[in-house]
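Visitor: Take a look and give me a structure for this.
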Amino acid sequence: MNKHNNSIPKILSQLFGTKFFFILSLGVSIFFTSCNESSVVGLDVQPENDLLNVSFEDTTSIYTRTVKGDSLITDETLISNGNGLIGKYADPVFGSATASIYTQLRLPTNIVAGSFGTAPVCDSIILSLVYEGTAYGKKDKKEQKLNVFQLSESMSTSLTYYSNSTLSKNTTDLTAADGYIFKPRTGSSTSDSVTVLGVKLKPQLRAPLDNTFGQLLLNNQGTGNIATNTDFQNFFKGMYITTENTSTLPGEGNILHFKFGESKITLYYHNSTTDSLKYDFSLGSVARFNHFEHDFTGANTDLTNQFSTPSQTQNNTVYVQSMAGAKTKIEFPYLMNWIKEGMIGVNKAELVISVDTTVSTYMLDTFAAPAALILFGINDDGTTYAIPDAFEGATYFGGTLNAGTVQYRFNIARYIQQILDGDRNNNGLYILASNGAVFGNRAVISGGPSTSARPMKLNITFTKLH
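Guide: Numbering: from 1, shown residues only. Now for the predicted structure:
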């Protein structure tokens, strides 16, 4: 298994989960109970007769550059609702992105000699993945090729798995035809149930697996290999489910969301006395994790050039991609110039980030921007931290997409004040897609230069301190 060996701390991955702002809100209730928006940094330290001496500037220089994303925690501890991502899309800006799943199976009941009857025969074995309904990518869905491989390396809920983790697996495809071709059902189509043997079931992808695999499971009743769940997971260590072998043209494909807590493998069989029997192997309450792959071979040359530039530069356009694809580093190299003539109290510091809507080839109508972005500060050693403004809560901190202006706005007054006061080094910030471990969105955003289509801005409202 690949180890997570970059310098980004574990919290960076964990904060992409849906619990992020809940944690921050709890923090503010404990640490900032005396704060409100009328006591923003600067105003509460200023004499009353100076409160009208407030200035505004939006000329702070901002340097912007895109760097590759860091791996994210994507195991069952993060995806607590059981949802997982599978799919592939080809983006003319970002190249291809693929989401796959490593997962265990679970026995709902113990299997002993005679559980499947005498001389059981596999009639069929079906992998059913229940659609959650969310999909990312083109509205007109393209067929994808699903492959399923048996793992040769064990999984455990006691281990932490990242988006770049891998496990060894067999090369033989478990699908019945060395790859199952399916057309994704998403949006309104997932409201339609499917009927199996006269029973209506939730919308799901049903992929036939090789009967040889089903017969192997039947033949092991009474051997001890599948007597208990522990025995079974030692015998059959798990599966790698992927559509990485799908061929896509630029602008095609989707990342699909499935409810793994409700998904399963169903073994249909008969024995010497009874027809039409079945047994379900569950995909819920097991170790699993998403694995993400990005191939930037066909990506925008501006993006790949920024990846290969080791030092901070100015760029008119920068990029953010979920699934550990890309993030943007921003710096304020001349920020300390604000206190050359004396200290200031920062009343508000609003960072305005605009999606570049001016270039049609960015295909924002196909590959929607994230519903929210998130900012992290950068330590001297390159690790990251949650900036103090984040603990004020989502309403204060911001970061959600305004659909009208197609902008994200953050209030980072406390962060800026700490730098000006000398309490924190000016190492810059990272912009990432919020919930990047559980969604596939990406965004093309305007950089800091004035020549950008919609330049990034830091709007500072401040008061000079005497």
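Visitor: wait, doesn't F292 sit right on A324?
Guide: Yes. Counting by CB atoms under 8 Å, F292 touches A324, with 5.3 Å between them. (C-beta placed from N, C-alpha, C; glycine too.)
Visitor: Give me the contacts around stretch 368-376.
Guide: The contact list for stretch 368-376, computed with CB atoms under 8 Å, 6 or more residues apart in numbering, reads 12, 15-16, 20, 136, 320, 322, 351, 353, 355, 384-387, 390, 399-401, 406, 408, 410, 412, 429-436, 439, 441-443.
Visitor: end to end, how far does that stretch reach?
Guide: One end of stretch 368-376 to the other measures 22 Å (CA to CA, to the nearest Å).
Visitor: now it, how far from the centre of its chain.
Guide: Its chain's average C-alpha position is 11 Å from that of stretch 368-376, according to CA atoms, centre = their mean, to the nearest Å.
Visitor: Okay, now the unreliable bits of the chain?
Guide: Applying pLDDT under 70 to the chain picks out residues 1-52, 79-81, 186-192, 466.
Visitor: Break it into its domains for me.
Guide: 10-62+300-464, 83-298 (automatic domain parsing).
Visitor: Could you dump these into a markdown table with mean neighbour count and distance to L72 added?
Guide: A markdown table is the format used below for the domains of the chain (neighbours: other CB atoms under 10 Å; distance: least, CB to CB, whole Å):
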| stretch | mean neighbour count | distance to L72 |
| --- | --- | --- |
| domain 10-62+300-464 | 18 | 4 |
| domain 83-298 | 18 | 5 |
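Visitor: which stretch among these comes nearest I73?
Guide: domain 10-62+300-464 (3.7 Å; CB to CB).
Visitor: Surely T230 is in a helix?
Guide: Yes. Counting by DSSP: H, G, I helix; E, B strand; the rest coil, T230 is located in a helix.
Visitor: dump the residue contacts of it.
Guide: By CB under 8 Å, 6+ apart, T230 has no neighbours at all.
Visitor: so what's F56 up against?
Guide: N459, I460, T461, F462 are the contacts of F56 under CB under 8 Å, 6+ apart.
Visitor: er, R414 actually
Guide: R414 makes contact with V41, I387, P388, D389, E392, according to CB under 8 Å, 6+ apart.
Visitor: Mark which of those residues are part of helices, please.
Guide: Within the contacts of R414, no residue falls in helices by DSSP state H.
Visitor: Kindly reformat these as a markdown table and extend each row with distance to S360.
Guide: Below are the contacts of R414 laid out as a markdown table (distance: CB to CB, whole Å):
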| residue | distance to S360 |
| --- | --- |
| V41 | 41 |
| I387 | 35 |
| P388 | 40 |
| D389 | 35 |
| E392 | 38 |
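Visitor: For those, work out which two are farthest apart.
Guide: V41 and I387 (12.6 Å).
Visitor: Would you agree V444 is in contact with N316?
Guide: No. With contact defined as CB under 8 Å, V444 and N316 do not form a contacting pair (10.8 Å).
Visitor: returning to what we had before: just the contacts of R414 now: which is nearest L205?
Guide: Checking the contacts of R414 against L205 with CB to CB, the nearest one is I387 at 40.9 Å.
Visitor: Is it correct that L218 falls within a strand?
Guide: No. Using three-state DSSP, the secondary structure at L218 is helix, not a strand.
Visitor: so it touches F116, yeah?
Guide: Yes. In this structure, L218 is within contact of F116 by CB under 8 Å, at 5.3 Å.
Visitor: what touches both of the two?
Guide: Y269.
Visitor: which other helices and strands contact the helix or strand hosting K278?
Guide: Taking DSSP states H and E as the definition, K278 sits inside strand 277-282. Applying 3 or more CB pairs under 8 Å, 6 or more residues apart in numbering; DSSP states H and E, one finds that strand 277-282 makes contact with strand 253-270.
Visitor: counting contacts, what elements does the strand it packs on pack onto?
Guide: Counting contacts by 3+ CB pairs under 8 Å, 6+ apart, strand 253-270 packs against strand 83-91, strand 95-103, strand 121-137, strand 204-209, helix 211-219, strand 277-282.
Visitor: Sheet partners, orientation included, of that strand?
Guide: strand 83-91 (antiparallel), strand 121-137 (antiparallel), strand 277-282 (antiparallel) (DSSP bridges).
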